[in-house]
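S.K.: what shape does this take:
(chains A, B, C and D)
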There are 2 protein chains.
Amino acid sequence: MPWELKSDRPIYTQLIEQIELMIFSGVYPLGSKLPSVRDMAQEAAVNPNTMQKALVKLEEDGLIITHRTSGRSITEDARMVEMAKTKLAQEQISDFLEKMQLMGFEQKEILTIIDNMVKEMKK
Amino acid sequence: MPWELKSDRPIYTQLIEQIELMIFSGVYPLGSKLPSVRDMAQEAAVNPNTMQKALVKLEEDGLIITHRTSGRSITEDARMVEMAKTKLAQEQISDFLEKMQLMGFEQKEILTIIDNMVKEMKK
DNA sequence: ATTATTGTATTAACAGCTTAATACAATAAT
DNA sequence: ATTATTGTATTAAGCTGTTAATACAATAAT
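M.R.: Alright, predicted model coming up:
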């Protein structure tokens, strides 16, 4: 998964989101060790300070543990990860539904549209 | 519809999005006159320059027409509005589905979740 | 013990967004 | 004709995000 960074939003927030996704989807398994700030920064082609900022936030959220001089690792608390994942999913869904309704789509319409798109993707 | 402006993204982009929604949903009907930049800025509690920036972009996209000294109005080209609306909707849906899949949800799961949420909303 | 690697902190510079205060140009309203 | 309203442009200031270059502190590796 290449790092996809656009310029329309702060980079560090995008880093946070993408690292979250990698945790949720198991790219970084529970308890696994993360690369160093410098390595992750280089891989994402951003400044170490920017990556640092993202990692600090993820630590505040409890998804990442910092071991002062031996790097960082993903938390081993599966419940915490699951909760964060569920919360994000619900936000995604409600934001999406709200916006579609603001655009004037009926709930029934929305379901139909998604249904069709999912069928398309299965092909 | 109160203006909802967060500080995590440029305000002018949020203004663009919200005005688009108002056009798509008919709050501003086709051909109708928009308030002046100054009035809209005051209503949204932003600087006139910021509102101006958003309106200029909407004009570039063809959704708004500028009448040099007598204000702006929504385009009367229903086809153009419909196309912009469809394009936005498709972006919303594909972004949403992509993110849910990155989080590790199966397509079937996603449909079920949305189905349930829509049923919830109907109550 | 020494070295390398880790996270962390600091300072400076630059760019973009936002606000503020004006000013100008065109024209609708009077 | 005059006035008011419209969009537009300019300049300055402040803030945040980003990069860059360094330095420090703690400790794992040797």
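
S.K.: A:Lys6 reaches A:Thr13, doesn't it?
M.R.: No - taking contact to mean Cβ atoms under 8 Å, the distance of 10.8 Å between A:Lys6 and A:Thr13 leaves them out of contact. For glycine as for every other residue, the C-beta is placed from the backbone atoms N, C-alpha and C.

S.K.: show the contacting residues for A:Lys53.
M.R.: Each residue near A:Lys53 by Cβ atoms under 8 Å, 6 or more residues apart in numbering or on different chains is listed here: A:Tyr12.

S.K.: so it, which of the three states?
M.R.: Classification of A:Lys53 into helix, strand or coil gives helix, according to DSSP: H, G, I helix; E, B strand; the rest coil.

S.K.: what about stretch A:73-87, near chain B?
M.R.: Yes - using Cβ under 8 Å from any Cβ of the partner chain, stretch A:73-87 reaches chain B at A:Lys85.

S.K.: quick one: neighbours of A:Leu97, just the number.
M.R.: Residues lying near A:Leu97 (other Cβ atoms under 10 Å in any protein chain shown) number 19.

S.K.: need the residues of chain A near DNA strand D, please.
M.R.: By the rule Cβ under 7 Å from any atom of the strand, the part of chain A lying against DNA strand D is A:10-12, A:46-50, A:53, A:67-70.

S.K.: which members of these are classed as buried?
M.R.: Among these, those scoring as buried are A:Ile11, A:Tyr12, A:Val46, A:Thr50, A:Lys53 (criterion: 16 or more other Cβ atoms under 10 Å in any protein chain shown).
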